[in-house]
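In: Sequence plus the predicted model coming up.
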Amino acid sequence: MRYSQLFGKTLKAVPAEAEAISHQLLIKAGFIDQALTSGVYTYLPLGWRVFKKIEQIIKEEINAIGGQELFMPTLQPKDLWLRSDRWDHIDPPLFKLKDRHEKELAMAPTHEEVITDLVARFVHSYKDLPLALYHIQNKFRNEMRSTGGLLRVREFFMKDLYSFHSSSEDLDRYYEKVLNAYKNIFRRCGFEVKVVEAVSGTIGGSFSHEFMMVCPTGEDTVIACTKCDWAANIEKTETQACPLCGQPTKKVRSIENGHIFKLGSKYAEKLGAYFTDKDGTKKVIYGGCYGIGLGRLLATTVEAHHDEKGIVWPKSVAPYQVQLISLSNQQPAVSKFAENIYEKLEKAGVEVLYDDREGVSAGEKFADADLIGIPVRLVVSEKTDNKVEWKERKSQEVKLITPEEVAERLTEEK
RNA sequence: CGGAGCGUGGUGCACCGGUAGCACGCAGCGUUCGGGACGCUGAGGCACAGGGUUCAAUUCCCUGCGCUCCGACCA
């Protein structure tokens, strides 16, 4: 991609409402637009590429534990929500609307109702279980307040996975698998999470865990051991000493990046999801649900990976792997050399953002590259003398290498 | 939902009871050319909306709408 053609520009000043560092950087670097309205954001091309990377990681990990992707709608009938008794009893409340016939609808905040109803009509035998279904879909939540840019919004993409089982033991087993898959997802996005027991809120169920990234911007507080890895939700525990190692605990701010629930039979009973077991008896289907907010995950990644100059994307989710900067200074030879490298990399399938802008100073190009945070920066100029300067975003080291070596390094990394 | 504040070119801000300026950005020309260069020129605003006070309102008052912050809440 040629930077000169890329939609979305870096900014020097950001709107005053941007408080969280991830919010500021994502706007400044041209990944998202300022809020369209409170808690509603447009992803610009750069931001959307990162989103797609995260989406891919999630799909791989969920597919690996047997998740089947489907797609469920946003508009949902009132009747379904009355059956689960959540039409009026859910927090944050539903966004509600009426169609032209005055029929009431809800904008989906989650899909327990739809999927349980669906499964109830498709699953009749123990042979149909277990089953894991998921989708990545737009959710609408009537939050009291939106905060921190992408950290808490009213319209957002969530990966929601639902599992269905013939027994609570089988649910337990799958729950552990999801827990591990989630750890993998966050690790692949470049940060470690603390897994804490949580309160289940209006989603219900017996047991739930949250995945927290410790970070001062976070809105949640967890109790963490000062020595070992132990942590717990503050709503669950008030302990001075770590139950594992006895060391003192402290309160730390954190961002909730995922939440998983053992629902048991709650929705199945309300929505009539039963199956016939081996012994011919009718039994209720056990369920779990598992959610990750993609935009929040994206913002959290920025919270975890930035410095004073800008974002420092992990390779796994970077919008491009390389930023090629041409300091051609209107010298056709340099320009041609840069074009050549760009074309070769493109042909080799390397994701490259090529800063081909003319009449823009070196300083500005460097500053933009630092801000955007692509892992590898290549510079071509008169000084590099038919070689290419290689610098990684997270280090200061600069190497001068040949175009062939560049191609080699980048293709072997793939 | 309680409390507080703010709405002025694209963005960030200033000013003022006498119909608006600055910086960045944008356009043109020229000089620059390895860490956000510089000069000149130019375009761009019914001051959120409606009502009121006043000779006169962007400025004061009221209402609405929008946004932000603190709190409470939170799958």
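Out: The structure has been received and is ready for your questions.

In: So, low pLDDT: which residues of chain A?
Out: Within chain A, the ranges that satisfy pLDDT under 70 run A:200-204, A:413-414.

In: By residue count, which strand of it is the longest?
Out: Of all segments of type strand in chain A, defined using DSSP state E, the longest is strand A:249-264.

In: name the helices or strands packed onto the following helix or strand past that strand?
Out: Downstream of strand A:249-264, the first helix or strand assigned by DSSP states H and E is helix A:266-271. In this structure, helix A:266-271 packs against helix A:78-83, helix A:112-122, strand A:286-293, with contacts taken as 3 or more C-beta pairs under 8 Å, 6 or more residues apart in numbering; DSSP states H and E. Using the backbone N, CA and C atoms, a C-beta is placed for each residue, glycine as well.

In: Please enumerate residues in contact with the next helix-or-strand element following helix A:266-271?
Out: Counting by DSSP H and E, the element after helix A:266-271 in chain order, helix or strand, is strand A:274-276. With C-beta atoms under 8 Å, 6 or more residues apart in numbering as the test, strand A:274-276 has contacts from A:120, A:123-126, A:128-129, A:166, A:268, A:282-285.

In: redo that, cut-off 6 Å
Out: Counting by C-beta atoms under 6 Å, 6 or more residues apart in numbering, strand A:274-276 makes contact with A:123-126, A:282, A:284-285, all of which sit outside it.

In: Selection in ChimeraX covering whichever of these are buried, please.
Out: This is the ChimeraX syntax for the buried subset of the contacts of strand A:274-276, where burial follows 16 or more other C-beta atoms under 10 Å:
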select /A:123,126,284,285
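
In: for the nearest residue to A:Lys250 once chain neighbours are set aside, what are its contacts?
Out: Leaving aside its chain neighbours, A:Lys250 sits nearest to A:Thr226 (5.7 Å; criterion: C-beta to C-beta, 6 or more residues apart in numbering). Contact analysis of A:Thr226 by C-beta under 6 Å, 6+ apart lists A:247-248, A:250.

In: Relative to A:Cys242, how far out is A:Thr226?
Out: According to C-beta to C-beta, to the nearest Å, A:Thr226 stands 8 Å off from A:Cys242.

In: what about stretch A:225-241, start to end distance?
Out: The straight-line separation of the ends of stretch A:225-241 (C-alpha to C-alpha, to the nearest Å) is 8 Å.

In: Share the number of residues neighbouring the closest residue to A:Val123 other than its chain neighbours, please.
Out: Nearest residue to A:Val123 in three dimensions, chain neighbours excluded: A:Phe275, at 5.7 Å (C-beta to C-beta, 6+ apart). By other C-beta atoms under 10 Å, 22 other residues sit near A:Phe275.

In: What residues are bridge-paired with A:Phe275?
Out: A:Lys283 (DSSP bridges).

In: that older thread, out of the contacts of A:Thr226, which touch RNA strand B?
Out: Counting by C-beta under 7 Å from any atom of the strand, nothing from the contacts of A:Thr226 sits close to RNA strand B.

In: Name the member of the residues you listed with the most neighbours.
Out: A:Gln247 (13 neighbours).

In: wait, what's in contact with that one?
Out: Taking C-beta under 6 Å, 6+ apart as the test, what A:Gln247 contacts is A:225-227.

In: And the residue nearest to A:Lys250, how close does it get to A:Lys283?
Out: A:Thr226 is 46 Å from A:Lys283, where distance means C-beta to C-beta.

In: No further queries at this time; thank you.
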